[in-house]
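K.L.:
this one's structure only:
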Ligand SMILES: Nc1ccn([C@@H]2O[C@H](COP(=O)(O)OP(=O)(O)OP(=O)(O)O)[C@@H](O)[C@H]2O)c(=O)n1
Ligand SMILES: C[C@](O)(CO)[C@H](O)COP(=O)(O)O
C-alpha cells in the first residue's frame, strides 16, 4: 500500500506501532462547522496524514500497527488504511487513546512504538534509531532535537526569566518502549493524570528514558502553517 520510496532499514524482529489518530485538530482548524474532519484525515500530498504515518512505520520495518481513531469516523479511517491495520476507538485524551491501543496488543511480541498520526513524514532513520536503542537494552527511548530559539518564562505578557536552553530538548515520536514496561506504566496511571507523551508515563514509574537524535522532518502538524510546510515537502519529495 505504501507509495514511499524504498528504505534501507529493517526492524530486527517483531515490533508493534500504536498510532494515535483520534484528536480533532482544534489548533489546525480541522473541525469546521457542518463538516468535521478529524486532523488525521486531513490530506497532504493527496493522502491523509494517518496514511502517511502508517506507511512510514511499515516501510521502516514495523510488523504490526494499531491505530486509535475517533469512533464515529471508523469507516473513513478503514477506507484509507491497509486491511491488516487494527483500529480501536480513541479516548478523550491522547493518553486514553494510547491506553485503548495498548490494550489491543498487550500480549504481543517485541517492542512497542507510540507514534502521532500528526507526524506524517517521520524518516525511517528515526524509527531505526529508536528500535536500535531498544535492541541495545533501553526500556524507553525518545527522539529529540535541540531548542534553537531563546526560551523565556513569562508572567502574562512580561518576561520574568531566561531559561538556559543547552540542556533542553524538543521531544518527538515515535517513542519506543519495552512492551512489559509500557503495559506496567499505563496500568499504574489513570486517564485523569495529565501526561503530554508516553515517556512521561513511563518515567512516572521511575524507568529511565533515553534519547536518540530526532529529525525536523518528523515535525508535528499542529497549526495551519505546519500544513503549508508539509504540503511543500510532499510536492518536493
Ligand atoms: N484524544 C486524543 C487526542 C489526540 N490524539 C492524537 O495525538 C496526537 C497528538 O495530538 P495533537 O497534535 O494535539 O492532535 P489534536 O488533539 O488533534 O490537536 P488539537 O489539540 O489541536 O485538537 C495526534 O495524532 C492526535 O490524533 C488522540 O489520538 N486522541
Ligand atoms: C506526544 C508529543 O507529540 C511529543 O512531542 C506531544 O507531546 C503531543 O502534544 P500535543 O499538544 O498533544 O500535540
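P.N.:
Sure, I can see it. Note that this is a predicted model, so its numbers are computed, not measured. Ligands and ions are numbered 1, 2, ... in the order given.
K.L.:
my read is that residue 58 contacts residue 81, right?
P.N.:
No - Residue 58 lies out of contact with residue 81 (CB atoms under 8 Å); the separation is 10.3 Å. Using the backbone N, CA and C atoms, a C-beta is placed for each residue, glycine as well.
K.L.:
okay, the two: which has more neighbours?
P.N.:
For residue 58 versus residue 81, the count of surrounding residues by other CB atoms under 10 Å is larger for residue 81: 23 against 20.
K.L.:
dump the residue contacts of that one.
P.N.:
Contacts for residue 81 (CB atoms under 8 Å, 6 or more residues apart in numbering) come out as 50-51, 54, 67, 87.
K.L.:
10 Å instead, please
P.N.:
Listed by CB atoms under 10 Å, 6 or more residues apart in numbering, the contact set of residue 81 reads 1, 19, 21, 48, 50-51, 53-55, 65, 67, 69, 87.
K.L.:
just the element for the one residue in the chain that gets nearest to ligand 1, please.
P.N.:
Distance from ligand 1 to each residue of the chain (CB to the nearest ligand atom) is smallest for residue 23, at 2.1 Å. Assessed by DSSP states H and E, residue 23 sits outside every helix and strand.
K.L.:
from what I can see residue 208 touches residue 140, true?
P.N.:
Yes - counting by CB atoms under 10 Å, residue 208 does reach residue 140; the two are 7.0 Å apart.
K.L.:
among the contacts of residue 81, which ones are in strands?
P.N.:
19, 48, 65, 67, 69, 87 (DSSP state E).
K.L.:
and the fourth one, what are its bridge partners?
P.N.:
For residue 67, the residues forming beta bridges with it (DSSP bridges) are residue 19, residue 87.
K.L.:
can you list the residues of the protein near ligand 1?
P.N.:
Contact residues (CB under 6 Å from any ligand atom) of the chain with ligand 1: 20-28, 39-40, 68, 90-94, 97, 116-118, 220, 222.
K.L.:
if we go to 5 Å?
P.N.:
Within the chain, the positions lying close to ligand 1 (CB under 5 Å from any ligand atom) are 20-27, 39, 68, 90, 93-94, 97, 116-118.
K.L.:
any low-confidence regions in the protein?
P.N.:
Residues of the chain meeting the criterion pLDDT under 70: 1-12, 31-35.
K.L.:
get me the contact residues on it for ligand 2.
P.N.:
116, 171, 196-197.
K.L.:
residue ranges of the helices in the protein, please?
P.N.:
49-59, 74-80, 94-105, 124-135, 179-187, 198-203, 224-236 (DSSP state H).
K.L.:
just checking, what packs against the third one?
P.N.:
In other words, helix 94-105. strand 16-20, strand 64-69, strand 86-89, strand 112-116, helix 179-187, helix 198-203 (3 or more CB pairs under 10 Å, 6 or more residues apart in numbering; DSSP states H and E).
K.L.:
now, of the ones you listed, which is deepest in the fold?
P.N.:
strand 16-20 (a mean of 29; mean count of other CB atoms under 10 Å).
K.L.:
that one vs strand 64-69, what angle?
P.N.:
Calculated by axes from the mean of the first three to the mean of the last three CA atoms, to 10 degrees, strand 16-20 forms an angle of 10 degrees with strand 64-69.
K.L.:
strand 16-20 - contacts with which helices or strands?
P.N.:
Using 3+ CB pairs under 10 Å, 6+ apart as the test, strand 16-20 ends up in contact with helix 49-59, strand 64-69, strand 86-89, helix 94-105, strand 112-116, strand 175-177, helix 179-187.
K.L.:
hmm, 6 Å instead?
P.N.:
Applying 3 or more CB pairs under 6 Å, 6 or more residues apart in numbering; DSSP states H and E, one finds that strand 16-20 makes contact with helix 49-59, strand 64-69, helix 94-105, strand 112-116.
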